[in-house]
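[1] structure, please.
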Amino acid sequence: MEKSAMKRKCEKVAYGSKAFAENDIARIKNKSIRDTQPQRAYKCEKCGLWHLTSKPLTIMWHGKRIQIQETRRNAD
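    Numbers count the residues shown, from 1 in each chain. Coordinates of the predicted model:
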């Protein structure tokens, strides 16, 4: 396998799926007393696994930074 095709390991806590990561967000929010809480899960480009971040999802729109509220779709 070529080096460019190999996934590098991150030093962060990693989850195998977005669902596992989001479940941990809920657990942390219910139990933690810290001011900073994880807000969302994201798929890492480096390792291909899921990590948590306390940073909200934002986009630039006409020169302004807009915070995006993520919604979770129910599987019917």
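
[2] what about the closest residue to Leu57 other than its chain neighbours, neighbour count?
    In space, and not counting its chain neighbours, Leu57 is closest to Ile68: 4.4 Å by Cβ to Cβ, 6 or more residues apart in numbering. Heads up, the C-betas are built off the backbone N, CA and C, glycines and all. For Ile68, the neighbour count with other Cβ atoms under 10 Å is 11.

[3] next: Ile28.
    Neighbours around Ile28, by other Cβ under 10 Å: 13.

[4] mind checking the SS state of it?
    helix (DSSP: H, G, I helix; E, B strand; the rest coil).

[5] was I right about it contacting Pro38?
    Yes. Between Ile28 and Pro38 there is a contact at 5.7 Å, judged by Cβ atoms under 8 Å.

[6] which neighbours do those two have in common?
    With Cβ atoms under 8 Å, 6 or more residues apart in numbering applied, the overlap between the contact sets of Ile28 and Pro38 consists of Leu52.

[7] shaky segments in this structure?
    Residue ranges of the chain with pLDDT under 70: 1-8, 69-76.

[8] look up which residues are beta-bridged to the residue positioned nearest the centre of it.
    Most central in the chain under Cα atoms, centre = their mean is Ala41, positioned 1.8 Å from the mean C-alpha point. For Ala41, the beta-bridge assignment (DSSP bridges) gives partners Leu52.

[9] hang on, isn't it packed against Glu22?
    Yes. Between Ala41 and Glu22 a contact is recorded at 5.5 Å, counting by Cβ under 8 Å.
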